[in-house]
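In: Here is my input; please provide its structure:
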Amino acid sequence: MMSTSATWLAIFIMATVTYFTRAIGAWFAARIKNPKRLERLLKHLSSSMLAALVAPALASGDITRLVGVATACLVMIISKRALLSLCTGVLITTTLRTF
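Out: Numbers count the residues shown, from 1 in each chain. Just a heads-up that it's a prediction; the model follows:
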């Protein structure tokens with residue numbers, strides 16, 4: 001079994017390695033010029049990923065999920081704020097399932 005100091009050293013080393021791999025990726029991405037086609041794809045990727053996650057949940061027929069997604073869509077249309085609509089949908093769905 002490893003000592004406490006060796007455990008903390010391993011955690012620190014792995015955190016450092018993780019940070020640098022991510023920082024280097026961001027550094028390279030900032031210096032590469034993306035083609036217009038790739039930029040359009042990346043612009044719509046998050047919404048298509050969200051739709052791919054929500055669609056099977058709606059297909060399950062759970063009314064609480066349907067109400068939560070409808071609420072999130074309504075908040076998104078009104079406020080144009082994705083994080084607010086996501087939080088509202090999760091809050092409504094959780095509240096309905098709790099009671």
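In: tell me which helix or strand of this structure sits lowest on mean pLDDT?
Out: Taking mean pLDDT, DSSP states H and E as the measure, the chain has helix 36-59 as its least confident helix or strand, at a mean of 81.
In: where are the low-confidence patches of this protein?
Out: Within the chain, the segments meeting pLDDT under 70 span 1-2.
In: all helices of it, in order?
Out: Assigned by DSSP state H, the helices in the chain fall at 4-31, 36-59, 63-79, 82-98.
In: Tabulate the ones you listed (a markdown table), appending mean neighbour count.
Out: For every residue, glycine as well, the C-beta is placed using N, CA and C. A markdown table is the format used below for the helices of the chain (neighbours: other C-beta atoms under 10 Å):
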| stretch | mean neighbour count |
| --- | --- |
| helix 4-31 | 10 |
| helix 36-59 | 10 |
| helix 63-79 | 15 |
| helix 82-98 | 14 |
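In: Let me see the contact set for the nearest residue to V75 once chain neighbours are set aside.
Out: In this structure, V75 finds its nearest non-sequential neighbour in S85, 4.1 Å apart by C-beta to C-beta, 6 or more residues apart in numbering. The contact partners of S85, taken as C-beta atoms under 8 Å, 6 or more residues apart in numbering, are 72-73, 75-76, 79.
In: Which of the residues you listed sits closest to L41?
Out: Set against L41, the nearest of the contacts of S85 by C-beta to C-beta is M76 (21.6 Å).
In: show me what contacts the closest one?
Out: Applying C-beta under 8 Å, 6+ apart, the residues contacting M76 are 82, 84-85.
In: Out of the residues you listed, which is nearest to A59?
Out: Proximity of those to A59 (C-beta to C-beta) peaks at S85, which lies at 20.6 Å.
In: Quick check: the closest one vs V67, distance?
Out: 14 Å (C-beta to C-beta, to the nearest Å).
In: With R81 instead?
Out: In terms of C-beta to C-beta, R81 sits 20 Å off from V67.
In: before we move on, back to that, just the residues contacting the least confident helix or strand of the chain, thanks.
Out: 34, 65-66, 69.
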